[in-house]
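Novice: give the three-dimensional model of this entry:
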Amino acid sequence: MATETFVVAYENKEGDDGLLDYAIARAKKDNAALLLVHILEWSPYKFLTPQELEERHARRKEELARAKEVILDPALAKVAAAGLEGDCRIRYGSVVELVVEIATEADASMIFVGRSGTQSMTARIFGSVPLGLAQIAPVPTVIVP
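Specialist: Okay, the predicted model is just below:
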């Protein structure tokens, strides 16, 4: 039985294999379970009609199911193949806030996140997910290159 839980903010982008591999190695060393977290960014579009909101809600359910199947299930299989306990959470919303919320709910002792490869003006002005997590996370945040 694992003694700690590590959250992995997992996007399944190029380079995330290194993130998952590092988190697995660290979890093995520290006898920790991994909680993989994937966030689909969501905008509420408050100006939509009730019918449009209902259609969007149905698409949202499909997107969540598809993301679990395509992104998280293969990653969880890799965690299990490494002999570790693993679970996942997938949600819609603000990435940084939800990763922190899930880490708090899970009483996680650490968060792992891949270094953002984006060099967009938005990321430089407003900050990236790794920077946001490092600033507000209640536990240490490891940024994996």
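Novice: helix or strand right after the lowest-mean-pLDDT helix or strand in the chain?
Specialist: Sorted by mean pLDDT, DSSP states H and E, the helices and strands of the chain end with helix 121-126, the least confident at a mean of 48. Downstream of helix 121-126, the next assigned helix or strand under DSSP states H and E is helix 129-136.
Novice: from the contact counts, what lies against the very next helix or strand once past that next one?
Specialist: Moving toward the C-terminus from helix 129-136, the next helix or strand (DSSP H and E) is strand 141-144. If you count contacts as 3 or more C-beta pairs under 8 Å, 6 or more residues apart in numbering; DSSP states H and E, strand 141-144 packs onto helix 16-30, strand 110-114, helix 129-136. Every residue, glycine included, has its C-beta placed from N, CA and C.
Novice: redo those as CSV? Include mean neighbour count, distance to Ala103 and mean pLDDT.
Specialist: Listed next are the helices and strands packed on strand 141-144 as CSV, based on neighbours: other C-beta atoms under 10 Å; distance: least, C-beta to C-beta, whole Å; pLDDT from 0 to 100:
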stretch, mean neighbour count, distance to Ala103, mean pLDDT
helix 16-30, 17, 13, 93
strand 110-114, 25, 5, 94
helix 129-136, 18, 9, 90
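Novice: of these, which is nearest Glu101?
Specialist: When the helices and strands packed on strand 141-144 are compared by C-beta to C-beta, helix 129-136 sits nearest Glu101, at 10.5 Å.
Novice: just the C-alphas of that closest one, formatted as PDB.
Specialist: Taking Å, rounded to 0.1, in the frame of the first residue of the first chain, the C-alpha atoms of helix 129-136 are listed here in PDB:
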ATOM      1  CA  VAL A 129       0.700  26.100 -16.200                       C
ATOM      2  CA  PRO A 130       4.000  25.000 -14.500                       C
ATOM      3  CA  LEU A 131       4.600  28.600 -13.300                       C
ATOM      4  CA  GLY A 132       1.000  28.900 -12.100                       C
ATOM      5  CA  LEU A 133       1.300  25.600 -10.200                       C
ATOM      6  CA  ALA A 134       4.600  26.600  -8.700                       C
ATOM      7  CA  GLN A 135       3.100  29.800  -7.400                       C
ATOM      8  CA  ILE A 136      -0.200  28.500  -5.900                       C
END
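Novice: list the helices and strands it packs on?
Specialist: Packing partners of helix 129-136 (3+ C-beta pairs under 8 Å, 6+ apart): helix 95-105, strand 110-114, strand 141-144.
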